[in-house]
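Enquirer: got a sequence here, can you model it:
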Amino acid sequence: MKINKERRNNSEVSIIYGDDDSININVFNNKILMELVGSFDSNLKELERISGSEIYFRGNSISIKGEKNANEKVRDAIEYLIERFKLDNKIDRNDIIASLNKEMIKDMKNQSPVQSLEEVIKTPKRSVIPKTKKQKEYVKALRTSQIIMSLGPAGTGKTYLAVAVALSMLLEKKVERIILSRPAVEAGEKLGFLPGDMKEKIDPYLRPLYDSLHDIFDYDKIQKKIEYGEIEIAPLAFMRGRTLKNCFAILDEAQNATQTQIKMFLTRIGENSKLVVNGDPSQIDLPNKNQSGLVQSQNILKGIKEISIINFDHNDVIRHPLVTKIVEAYKKNTDDKS
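Expert: Presented below is the predicted three-dimensional model:
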């Protein structure tokens with residue numbers, strides 16, 4: 001029987017290849033092993049479901065059986081998850097999905113541990129780790145550029161990563177407040193007709209931003225920071241005439257803003273501030289889609305060195321694998337019509 005054996009990661013892992021294309025991975029660090037396997041083998045079951053390989057767990061050994069290519073993908077996924085655990089001391093479902101993305105695996109193999117640690121965003125509840133090359137470029141831009149524009153489909157981390165960096169900078173006292181804004185297109189920006197105070201009127205339209213905040217920060221602490229004015233919620237229409245100093249401002253769903261509105265938002269920038277404009281050009285809710293100023297603004301501003309522009313695509317989607325396929329299918333349909 002032909003068996004090849006190799007040791008990696010300072011003897012934490014050994015990999016044994018069988019002549020039937022099976023792969024056995026022995027993990028000698030119990031803490032890593034338990035997190036890798038998951039509660040009731042949930043992580044291995046998810047890997048098995050997505051990859052198509054059969055995965056067995058016994059003792060400190062994980063056995064992978066199936067077609068050669070599928071087995072090698074699972075092997076790479078497990079190595080990826082081990083590296084992720086070393087950075088964050090945990091593995092979540094998004095990591096499982098990301099582990100089977102060939103672009104992420106390739107990127108992981110090409111980077112040093114020092115690079116990985118520099119990319120980690122520390123927040124109270126968890127460490128947030130950008131998972132694709134574009135996400136890493138985006139996080140770097142969020143930290144170093146004054147104005148950042150990001151365009152791409154849902155699930156690419158545009159909002160989540162921006163909120164994570166904004167919160168980390170607020171807690172490190174690098175900025176004095178976070179401002180969250182978006183065009184309230186569904187309400188026609190006529191918020192006066194809606195019941196409640198300003199926060200109650202605009203809250204439903206900022207729910208994705210709240211979801212991101214709650215994932216990385218305690219609810220009670222968020223409410224206190226809103227009360228103290230350290231986190232401000234405001235519709236885009238209320239940005240007019242202001243100068244934003246010592247803050248991190250995020251304009252979400254910017255595909256529903258006109259070119260004039262985006263210009264108005266960007267020209268609010270003041271001393272020691274960062275402005276982020278996020279949007280998905282494929283999800284325009286304006287009655288006249290040609291009114292959207294997101295892509296035009298990108299083209300107008302792309303020559304200014306202080307402004308970073310990041311374009312995400314389906315390869316950067318970190319959600320259920322089916323989301324990537326849906327995004328890709330709609331993009332292909334749009335491309336075929338153009």
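Enquirer: and the longest helix for this protein?
Expert: Determined from DSSP state H, the single longest helix within the chain is helix 68-88.
Enquirer: next structured bit after that one?
Expert: Using DSSP states H and E, the helix or strand that follows helix 68-88 in sequence is helix 93-99.
Enquirer: helices and strands around that next one, which ones?
Expert: Helix 93-99 is packed against helix 42-51, helix 68-88, with contacts defined by 3 or more CB pairs under 8 Å, 6 or more residues apart in numbering; DSSP states H and E. For the C-beta atoms, the positions are set from N, CA and C on the backbone; glycine is no exception.
Enquirer: show me the helices in the protein, by range?
Expert: So, for the chain - with DSSP H - the helices run 30-37, 42-51, 68-88, 93-99, 102-110, 113-119, 133-144, 158-171, 198-202, 207-216, 219-227, 259-266, 294-301, 321-337.
Enquirer: I269: what's it in contact with?
Expert: 146-147, 244, 275 (CB atoms under 8 Å, 6 or more residues apart in numbering).
Enquirer: ditto for E271
Expert: E271 neighbours (CB under 8 Å, 6+ apart): 245-246.
Enquirer: what do you get for I91?
Expert: Applying CB under 8 Å, 6+ apart, the residues near I91 are 35-36, 38, 43, 81, 84-85.
Enquirer: again, only using 10 Å
Expert: 32, 35-38, 43, 80-82, 84-85, 99 (CB atoms under 10 Å, 6 or more residues apart in numbering).
Enquirer: what of K263?
Expert: Going by CB under 10 Å, 6+ apart, the list of residues near K263 reads 257, 293, 297, 300-301.
Enquirer: now the buried members of those residues.
Expert: For the contacts of K263, a burial check counting by 16 or more other CB atoms under 10 Å picks out 257, 293, 297, 301.
Enquirer: okay, these in CSV with pLDDT and distance to N333 next?
Expert: As requested, the buried ones among the contacts of K263 are exported to CSV (pLDDT from 0 to 100; distance: CB to CB, whole Å):
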residue, pLDDT, distance to N333
A257, 92, 25
G293, 91, 24
S297, 93, 25
L301, 94, 29
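Enquirer: turn the residues you listed into CSV, including distance to G18.
Expert: Listed next are the buried ones among the contacts of K263 as CSV, based on distance: CB to CB, whole Å:
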residue, distance to G18
A257, 57
G293, 58
S297, 56
L301, 56
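Enquirer: which stretches of the chain have low pLDDT?
Expert: For the chain, the stretches flagged by pLDDT under 70 are 1-11, 101-118, 185-203, 205, 319-321, 324, 336-338.
Enquirer: picking up where we left off before, please identify the most buried of the helices of the chain.
Expert: Ranked by mean neighbour count, those are led by helix 158-171 with a mean of 24 (mean count of other CB atoms under 10 Å).
Enquirer: how far does that helix sit from the chain's center?
Expert: 11 Å (CA atoms, centre = their mean, to the nearest Å).
Enquirer: next one: stretch 208-226
Expert: 17 Å.
Enquirer: can I get it in CSV? Just the C-alpha atoms.
Expert: Only the C-alpha atoms of stretch 208-226 are listed here, as CSV (Å, rounded to 0.1, in the frame of the first residue of the first chain):
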residue,chain,number,x,y,z
PRO,A,208,-28.0,46.2,8.2
LEU,A,209,-25.7,48.7,10.0
TYR,A,210,-27.2,47.9,13.3
ASP,A,211,-26.9,44.2,12.7
SER,A,212,-23.2,44.6,12.0
LEU,A,213,-22.8,46.7,15.2
HIS,A,214,-24.6,44.1,17.4
ASP,A,215,-22.5,41.3,16.0
ILE,A,216,-19.3,42.9,17.4
PHE,A,217,-20.5,45.1,20.3
ASP,A,218,-23.0,44.6,23.2
TYR,A,219,-26.5,46.0,22.7
ASP,A,220,-26.5,48.0,26.0
LYS,A,221,-23.2,49.6,25.2
ILE,A,222,-24.4,50.6,21.7
GLN,A,223,-27.4,52.3,23.2
LYS,A,224,-25.3,54.2,25.6
LYS,A,225,-23.0,55.4,22.9
ILE,A,226,-26.0,56.5,20.8
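Enquirer: what does it contact?
Expert: 121-128, 154, 157-164, 166-168, 170-171, 177-178, 180-182, 199, 203-204, 206, 230-233, 250, 252-253, 278.
Enquirer: 8 Å instead?
Expert: 123-126, 128, 159-160, 163-164, 167, 170, 180, 182, 199, 203, 231-233, 250, 252.
Enquirer: export the helices of the chain to a markdown table and tack on distance to S308?
Expert: Compiled in a markdown table, these are given as follows (distance: least, CB to CB, whole Å):
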| stretch | distance to S308 |
| --- | --- |
| helix 30-37 | 34 |
| helix 42-51 | 33 |
| helix 68-88 | 24 |
| helix 93-99 | 23 |
| helix 102-110 | 19 |
| helix 113-119 | 16 |
| helix 133-144 | 4 |
| helix 158-171 | 12 |
| helix 198-202 | 27 |
| helix 207-216 | 20 |
| helix 219-227 | 27 |
| helix 259-266 | 13 |
| helix 294-301 | 10 |
| helix 321-337 | 23 |
